[in-house]
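Undergrad: Predicted model and sequence follow; I will ask about them next.
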Amino acid sequence: MPEGDIVLRVARRLDAALAGEVLVRGELRWPNLGGEDLAGVAVVGHGTYGKHLLTRLGDGRTLHTHLRMEGRWRLVRTADLAAGASRADRSPQVRAVLASHRWACLGIDLGMMDLLRTRDENRLLAHLGPDVLAPDVDMAAAAERVLAEGARGIGEVLLDQTVVAGLGTIYMAESLWAHRVWPWRPAGTLGDTAADLVATARRLMLRSAQARTPTATGDARRTTNVHGRERQPCPRCGTPVARGEVGRAPTARVAYYCPSCQAAP
């Protein structure tokens, strides 16, 4: 599942294509939204919260989408669709078509979609923890939420979007490795390290979000120390990287770590 850094990059790409433009096509191919036509509505811009994408419209509404596991946004020239040079918008995987006179943004295999009043965004997202990438994120409050999880393993806690929003398996693993923390250590025992973990995750994600990317597909190009590197040498000590699971079935997630650098306390 794309993490907050990728969603932020997608938002910026969609902004470059649609912000300030009036939609010439606005189709929502979603069960309860099929009757909505957004043609003629202006796009104010895009925002993010954790892994959630918010397309804010000039009529006071927001289109909320989530990529989930398979979702992506593809950009094609509107003229190519109109001339039949591209048939991308006819795919059954396309869930949304938002097109200005220049660019058409195709939401493919989106996992979530809502159309709501912009002033109700907070109600939609109220169940989430602080957005790690928000400019005004309260880092101390985020750390307190982590510590409040008590006996839960820190790897599982960092993936819980109701504790802090935006992290996935990549930044969970990389942040824990950076601070030599065992993924199953009880979150409540971390002390000041809880704030350090959140700060490191934010720094790594912002670095990724600022990287150049040619499309709004959600394709990540990252260099990792442990994530996805099972049996390869740890960059710090040379011990082969191990792989385990955090959380419980059916929502358990993979966790990569160094058995030496991140030994159990």
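TA: Everything's here; your move.

Undergrad: buried sites along the helix or strand of the chain with the lowest mean pLDDT?
TA: One helix or strand of the chain scores below all others by mean pLDDT, DSSP states H and E: helix 78-82, with a mean of 94. Using 16 or more other C-beta atoms under 10 Å as the burial criterion, the residues of helix 78-82 that qualify are 78, 81. Where C-beta positions appear, they are placed from N, C-alpha and C, glycine not excepted.

Undergrad: Same check on stretch 234-244?
TA: Neighbour-count burial for stretch 234-244 flags 234, 241-242 (criterion: 16+ other C-beta under 10 Å).

Undergrad: What is the end-to-end distance of that stretch?
TA: 15 Å (C-alpha to C-alpha, to the nearest Å).

Undergrad: Residues contacting it, please?
TA: Here stretch 234-244 makes contact (C-beta atoms under 8 Å, 6 or more residues apart in numbering) with 177, 183-184, 225-226, 229-233, 254-261.

Undergrad: picking that back up, which one of the buried residues of stretch 234-244 sits closest to Arg95?
TA: Of all the buried residues of stretch 234-244, Val241 has the smallest distance to Arg95: 36.7 Å, by C-beta to C-beta.

Undergrad: residues contacting Leu128?
TA: Here Leu128 is in contact with 49-50, 52, 161-162, 165 (C-beta under 8 Å, 6+ apart).

Undergrad: okay if I get the residues you listed as TSV plus neighbour count, distance to Pro135 and pLDDT?
TA: Formatted as TSV, those follow (neighbours: other C-beta atoms under 10 Å; distance: C-beta to C-beta, whole Å; pLDDT from 0 to 100):
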residue	neighbour count	distance to Pro135	pLDDT
Tyr49	22	12	97
Gly50	23	14	97
His52	23	16	98
Gln161	20	19	97
Thr162	9	21	97
Ala165	24	14	97
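
Undergrad: Just the ones in strands from these, please.
TA: The strands, defined by DSSP state E, take in 49, 52 from those.

Undergrad: Among the contacts of Leu128, which one lies nearest to Gly34?
TA: After measuring the contacts of Leu128 against Gly34 - C-beta to C-beta - the closest member comes out as His52, at 21.8 Å.

Undergrad: what about the residue nearest to the closest one when sequence neighbours are not counted, how many residues close to it?
TA: Leaving out its chain neighbours, the residue that sits closest to His52 by C-beta to C-beta, 6 or more residues apart in numbering is His66, at 5.6 Å. When counting by other C-beta atoms under 10 Å, one arrives at 17 neighbours for His66.

Undergrad: measure His66 to Ala242 for me?
TA: Distance check for His66 against Ala242: by C-beta to C-beta, to the nearest Å, it reads 31 Å.

Undergrad: same thing with Arg203?
TA: Arg203 is 25 Å from Ala242, where distance means C-beta to C-beta.

Undergrad: For the longest helix along the chain, name the packing helices and strands.
TA: The longest helix of the chain (DSSP state H) is helix 193-209. In terms of contacts (3 or more C-beta pairs under 8 Å, 6 or more residues apart in numbering; DSSP states H and E), helix 193-209 is packed against helix 4-18, helix 139-147, helix 154-159, helix 169-178.
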